[in-house]
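Trainee: The sequence and its predicted three-dimensional model are supplied below.
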Amino acid sequence: MVKMIFSSTFALMLLGISAAAAAVTPSQDIAAVTQFSRTNQVLFARQEKEEGDDDKDGVRVNATLNTPVTLVAGKKVDVTYPDGFELDVNSTVANTVTVTSGTPSISTVPSGFKLLAKNSWKVTYRTALAAGASAKIEFAVSAAAVTAAGGAGAKLMDTRLAFVQNGAWMVDEKTSKFDADENKTASTSASVKSNSEWTVLLKTSSSSATNTGSSTAPKSAGSTLVRNAGLSLAGVAVALILV
């Protein structure tokens, strides 16, 4: 008796499912697919618009050395050169910039550094950048070049962009940054905004790194030691919380 009731109930369920399936006509299937397609098109269009917002006010230029590049007033111009040198400029007035490459004008590097690039780049603006302009220099770093210059223990993050000031290569630690995601070393030093000469150095000793632009005096290791101590204390705090 129980088996018969179960069988009957199951049969009724199958009939209900079949009836529901039969009730959906081919035209309804087509309408559902069409609606799904339209919805996806709208979503994709929104996604493309959002992804393009970052560059709507910028200009990307794949440039060649020794060739003037136009800087559009009020727009960020990202200039990339074949050898990995990059210049990002947002000028408040129309201008041009020309980058040339050659043998560094100064062969001696600061104590605690090694020359990573075998050449230097000279940045020349048609007119000096006006107040309110921003500029950044980047260089795509090669892991092979870093290892060749500093040995197996050398790190990409120890690369620094250096500029000539008062007859010597200078490193501005405050405005230097390494982008680990893109393997690029960058500088936003004020020197980027004027005619200047740049090269890439590899930091080999934190205790004898040169100071920022205004002086040639060696920088003390204090700031490096404080940063390391801060990281260690933070690690201890996290360990205590986890325990």
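Mentor: Looks like it arrived, so ask away.
Trainee: Point out where the protein drops to low pLDDT.
Mentor: 1-57, 206-243 (pLDDT under 70).
Trainee: Would you agree residue 110 is in contact with residue 171?
Mentor: Yes. Using Cβ atoms under 8 Å, residue 110 makes contact with residue 171 at a distance of 6.8 Å. C-betas here are computed from N, CA, C, even on glycine.
Trainee: neighbour-wise, which of these two wins?
Mentor: Set side by side, residue 110 and residue 171 show more neighbours around residue 171, with 25 against 20, by other Cβ atoms under 10 Å.
Trainee: tell me which residues in stretch 105-120 are buried?
Mentor: With burial defined by 16 or more other Cβ atoms under 10 Å, the residues of stretch 105-120 counted as buried are 109, 110, 112, 113, 114, 115, 116, 117, 120.
Trainee: Reformat the residues you listed as JSON lines; add secondary structure and distance to residue 178.
Mentor: Shown next, in JSON lines, are the buried residues of stretch 105-120 (DSSP: H, G, I helix; E, B strand; the rest coil; distance: Cβ to Cβ, whole Å):
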{"residue": "109", "secondary structure": "coil", "distance to residue 178": "18"}
{"residue": "110", "secondary structure": "coil", "distance to residue 178": "18"}
{"residue": "112", "secondary structure": "coil", "distance to residue 178": "17"}
{"residue": "113", "secondary structure": "strand", "distance to residue 178": "15"}
{"residue": "114", "secondary structure": "strand", "distance to residue 178": "16"}
{"residue": "115", "secondary structure": "strand", "distance to residue 178": "18"}
{"residue": "116", "secondary structure": "coil", "distance to residue 178": "13"}
{"residue": "117", "secondary structure": "coil", "distance to residue 178": "15"}
{"residue": "120", "secondary structure": "strand", "distance to residue 178": "20"}
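Trainee: nearest to residue 63, of the residues you listed?
Mentor: The shortest approach to residue 63 among the buried residues of stretch 105-120 belongs to residue 120, at 17.3 Å (Cβ to Cβ).
Trainee: Specify the beta-bridge partners of that closest one.
Mentor: residue 102 (DSSP bridges).
Trainee: Relative to residue 159, how far out is it?
Mentor: The gap separating residue 120 from residue 159 is 15 Å, by Cβ to Cβ, to the nearest Å.
Trainee: domains of this protein?
Mentor: 23-56, 58-229 (automatic domain parsing).
Trainee: the helices in the chain, which residues?
Mentor: Listed in chain order, the helices found in the chain under DSSP state H are 2-23, 26-52, 143-150, 222-242.
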